[in-house]
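Chemist: need a 3D model of the following:
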Amino acid sequence: MTRLEKFIYEHGEELLRLAYIYVKNKQAAEDIVQDVLLKAFEKQTSFREEATYRTYMYRMTINRSYDYLRSWHYKNTFVGEKIQHLFGRSSEQNVMRQSENHQLTQAVLTLPLKYREVIVFTYYLDYSSEEIGMLLNCSSATVRTRLARGRKKLKSVLKEDGFDGTIENGY
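Modeler: Next up is the predicted model:
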């Protein structure tokens, strides 16, 4: 099994979620991940190992997502799939929690991209500010500032929406 095949098996769904967080469209996210994997396969011999392979693939996914967001196609289409496809469906016992999680996730998706991405990397993917800084090409101090501002905006959005649940993970 090549490094790429192993990575696809272990982290393919993470790449899909990551792309979805940026583009908010399942089909576009799948296309982005496919492009990234194809490019990674074509260039796997030129990987310089300056970072982990996971970081390298995440960076490629983020860059390709930004390309998509700047594209004509994105700017002229309606982006409207629900976030439930990203995180799956809960059992019937957890309907209330699913509703609160859905409301929280929708609120995260309304944030500006620079805040949304650090919140997702921190709370959904459990990255440190240093790792996020490497992925986003900024300092860890910038990441922490964006995280603090993002949490403040998120709290404000949730209050406006009448969110009455408790916020987990320190949001």
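Chemist: count the residues that sit near Thr122.
Modeler: Thr122 is flanked by 23 other residues according to other C-beta atoms under 10 Å. Placement of C-beta: from N, CA and C, glycine included.
Chemist: for it, give me its contacts.
Modeler: By C-beta atoms under 8 Å, 6 or more residues apart in numbering, the contact set of Thr122 is Ser129, Ile132, Leu147.
Chemist: list just the nearest of those residues to Val23.
Modeler: Closest to Val23 out of the contacts of Thr122 is Ile132 (18.9 Å), distances taken as C-beta to C-beta.
Chemist: residue contacts, the closest one?
Modeler: With C-beta under 8 Å, 6+ apart, Ile132 has these contacts: Glu117, Val118, Phe121, Thr122, Ser140, Val143.
Chemist: okay, now the unreliable bits of the protein?
Modeler: Applying pLDDT under 70 to the chain picks out residues 3-4, 72-101, 163-171.
Chemist: of the contacts of Ile132, which is the nearest to Phe47?
Modeler: Taking C-beta to C-beta as the measure, Phe47 lies nearest Phe121 of those, at 22.0 Å.
Chemist: surely that closest one touches Leu135?
Modeler: Yes: if you go by C-beta atoms under 8 Å, Phe121 and Leu135 touch, sitting 7.0 Å apart.
Chemist: now do the shared contacts for these two.
Modeler: Listed as contacting both Phe121 and Leu135 by C-beta under 8 Å, 6+ apart are Tyr127.
Chemist: and Ile62, how close does it get to Lys24?
Modeler: Relative to Lys24, Ile62 is positioned 15 Å away (C-beta to C-beta, to the nearest Å).
Chemist: returning to that earlier point: can you tell me which of the contacts of Thr122 end up in helices?
Modeler: Within the contacts of Thr122, residues falling in helices by DSSP state H are Ser129, Ile132, Leu147.
Chemist: okay, the residues you listed in TSV with distance to Gln106 next?
Modeler: Shown next, in TSV, are these (distance: C-beta to C-beta, whole Å):
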residue	distance to Gln106
Ser129	25
Ile132	22
Leu147	19
